[in-house]
Structure formats: structure tokens, C-alpha cells
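> Need a 3D model of the following:
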Amino acid sequence: VQLQASGGGLVQPGGSLRLSCAASGFDFDNYAIGWFRQAPGREREGVSCISSSGDVTYSTDSVKGRFTISRDNAKNTVYLQMNDLKPEDAAVYYCNVHLVSLGQTYWGQGTLVTVSS
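Here you go, the predicted model:
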């Protein structure tokens with residue numbers, strides 16, 4: 001199982017980034033995928049998640065209306081479109097999947113988002 005997160009970078013407040021999470025090694029279209037983030041000195045927190053079909057999504061209150069999660073099952077990829085970024089959004093962003101059949105949770109390596117003027 002591999003999850004490869006990418007798309008992070010430096011952006012000014014109010015800017016946008018699109019993160020990608022490319023997955024392999026499991027039946028991608030059978031599993032929900034989540035995005036988490038961890039800022040320095042803070043605990044990892046859930047940001048958004050999307051159901052296996054993409055029909056159901058959830059985002060934490062602090063990003064609602066600004067972040068959009070989506071997936072392309074043909075490409076085994078989940079996206080996180082982040083708009084109107086704020087300094088408090090700066091963190092390392094990780095994607096994850098919990099494989100119920102194996103009882104295992106897998107994490108990508110993370111991609112750094114820096115929001116600064």
C-alpha cells in the first residue's frame with residue numbers, strides 16, 4: 001500500500017493550492033480516503049474525507065467553504081482543493097486510508113503547505 005501526497009508549497013494568504021494523493025496497492029475505489037494535517041507543536045487533525053464513490057464528503061468546520069475534496073477513481077487519486085488559504089492552514093498535509101480487511105491504517109509521506117506573505 002502506498003499513498004503519495006504532493007502539491008504543497010508556499011502561497012500567500014488568500015491564495016490556492018491543490019493537493020493530490022496518488023494511491024496504489026489496494027482496491028482504491030472501495031475505500032474512503034482522508035486528508036489530515038499537522039502544524040508544528042500541534043496534534044494531527046482531520047481536514048476532509050471522501051467516501052469510496054465520492055458521493056459523500058466531510059470537512060472540518062475550519063475549512064468548510066474553502067477546501068473541497070474530490071477523487072478520480074480511474075486515476076487512483078484524491079484531491080484537496082484549498083482556496084482562500086490562511087496562515088493557520090500552514091501544516092504538513094497527509095492522506096490516509098484505513099483498510100478494514102487488514103485492520104491497518106496507512107499514511108502518505110506528507111506535503112508541506114506554507115502560507116505566508
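> so who does the residue lying closest to residue 83 once chain neighbours are set aside touch?
Distances taken as Cβ to Cβ, 6 or more residues apart in numbering place residue 16 nearest to residue 83, at 4.7 Å, with adjacent residues excluded. All C-beta spots, glycine's among them, are computed from the backbone N, C-alpha and C. The neighbours of residue 16, taking Cβ atoms under 8 Å, 6 or more residues apart in numbering as the test, are 81-85.
> Go through the residues you listed and give me the one with the most neighbours.
residue 82 (27 neighbours; other Cβ atoms under 10 Å).
> any idea what sits nearest residue 75, other than its immediate chain neighbours?
residue 22 (7.7 Å).
> what number of residues lie near residue 87?
Using other Cβ under 10 Å, residue 87 is surrounded by 11 other residues.
> show me what contacts the closest residue to it other than its chain neighbours?
Nearest residue to residue 87, sequence neighbours excluded (Cβ to Cβ, 6+ apart): residue 115, at 5.0 Å. If you count contacts by Cβ under 8 Å, 6+ apart, residue 115 has them with 10-13, 15, 85-90.
> And for residue 87?
13, 115-116.
> Fine by me, thanks again.
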